[in-house]
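next one to model:
(one chain, ligands or ions: 1)
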Amino acid sequence: MSEETAALKAVGLGLRYRRRRGHVLRDCSFRLPAGRVCALVGPNGAGKSTLLSLAAGLIRPTEGTVHVLGTGPAEARERFAYVAQDKPLPPQLTVAGTLRLGADLNRARWDAAAAGRIAYAHHAPDGDRSGSLDPGARIRSLSGGQRTRVALALAFGKRPELMLLDEPMADLDPLARRELLGALMGEAAEHGTTIVLSSHIVTELDGACDHLLLMGGGRVRLAGDPEELVAAHTLLTGPARDLTGHTVVESRGTDRQLTALVRPGGPPGDDWRTAAPSLEEVLLAHLRNPGAPDLVTEGTVNP
Ligand SMILES: Nc1ncnc2c1ncn2[C@@H]1O[C@H](COP(=O)(O)OP(=O)(O)OP(=O)(O)O)[C@@H](O)[C@H]1O
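Numbering: from 1, shown residues only. This is a model prediction of the structure:
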């Protein structure tokens, strides 16, 4: 698949559950180019898991479409791996047995070495083997983090073109999180795998991801390259109150002093001190201000 092809594309994607008032997702349009590591962030209930379930073909949209690797989720099934938040695994199988099952189900493309690296290579401090996986251990006896490791090993072993990972880091310790991020980035760089991972730990993703989707209230609020998204914003501080001409994401202050995060519509003028915001500042300002205009880059809905 060429770099230009979208690994994941949504056009006017919407979902509402029959017994629920209002949309869980509405009018989501974005395009994720192949080979990117994409952080899917947003507050609880924003719609991150729903978006990943739609992409994995577990639920069908009520409006719009989602394209996976240039086709529908069902047609692309063999080519992507999806790791759900609750990581369902057969409780009675051993770790080694689970990986054997993964190999049997994916004979054509199973990468035992990649699966083994994720499952068994744990770089804990000397002498501490508590996070290491015993190949003979039953799944039901594993801790949450160890289970995550097995689920991710299955995903890596499948050697997919696209990985959809729903909060893969939530129950991993900080060392294991760092290891996983390293492995994901290595995977993307070496094999051109596209990775979408949802997470609440925004600061840890900064630098690890080259694409970002911020969801809020069932909408895609920000989408694109994180550096470009940050560069589109400026922090203004000054006594002036007139922000005409700028797209204001957030403004706070007193009668005398105002601080605003804006998308500048031109040079800010001498009254303002300007500063570059951090990625976290941009994300938090959008989350605090649901009415702020969305910004979606990367050729929104083109193939
Ligand atoms: N089966 C369902 N029936 C009705 N509503 C649902 C169902 N599944 C999810 N929702 C609702 O959809 C909204 C989005 O949920 P979703 O799990 O996608 O959010 P999320 O961003 O992944 O949240 P979190 O960060 O807490 O995991 C929530 O308001 C949730 O209550």
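
care to break the protein down by domain?
Under the assignment automatic domain parsing, the domains of the chain span 6-227, 228-293.

from the middle of its chain, how far away would the first one be?
Read it as domain 6-227. Offset of domain 6-227 from its chain centre (CA atoms, centre = their mean, to the nearest Å): 8 Å.

related to what we said a few turns ago, mean neighbour count and mean pLDDT added to the domains of the chain, as a markdown table?
Every residue, glycine included, has its C-beta placed from N, CA and C. Compiled in a markdown table, these are given as follows (neighbours: other CB atoms under 10 Å; pLDDT from 0 to 100):
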| stretch | mean neighbour count | mean pLDDT |
| --- | --- | --- |
| domain 6-227 | 18 | 89 |
| domain 228-293 | 15 | 89 |
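
Throw those domains into JSON lines and include distance to the ligand, thanks.
Below are the domains of the chain laid out as JSON lines (distance: least, CB to the nearest ligand atom, whole Å):
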{"stretch": "domain 6-227", "distance to the ligand": "3"}
{"stretch": "domain 228-293", "distance to the ligand": "12"}
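
what's residue 232 in contact with, if anything?
Each residue near residue 232 by CB atoms under 8 Å, 6 or more residues apart in numbering is listed here: 263, 295.

could you redo the last one with a cut-off of 6 Å?
Contact partners of residue 232, counting by CB atoms under 6 Å, 6 or more residues apart in numbering, are residue 263.

then residue 255?
Residues in contact with residue 255 (CB under 6 Å, 6+ apart): none are found.

which residues in the stretch 151-300 of the chain form helices?
Applying DSSP state H, counting those that start in this stretch to the stretch 151-300 of the chain gives helices spanning 174-191, 202-205, 226-231, 279-288.

contacts for stretch 98-107?
Residues from elsewhere that reach stretch 98-107, judged by CB under 6 Å, 6+ apart: 110, 115, 150, 154, 157, 158.
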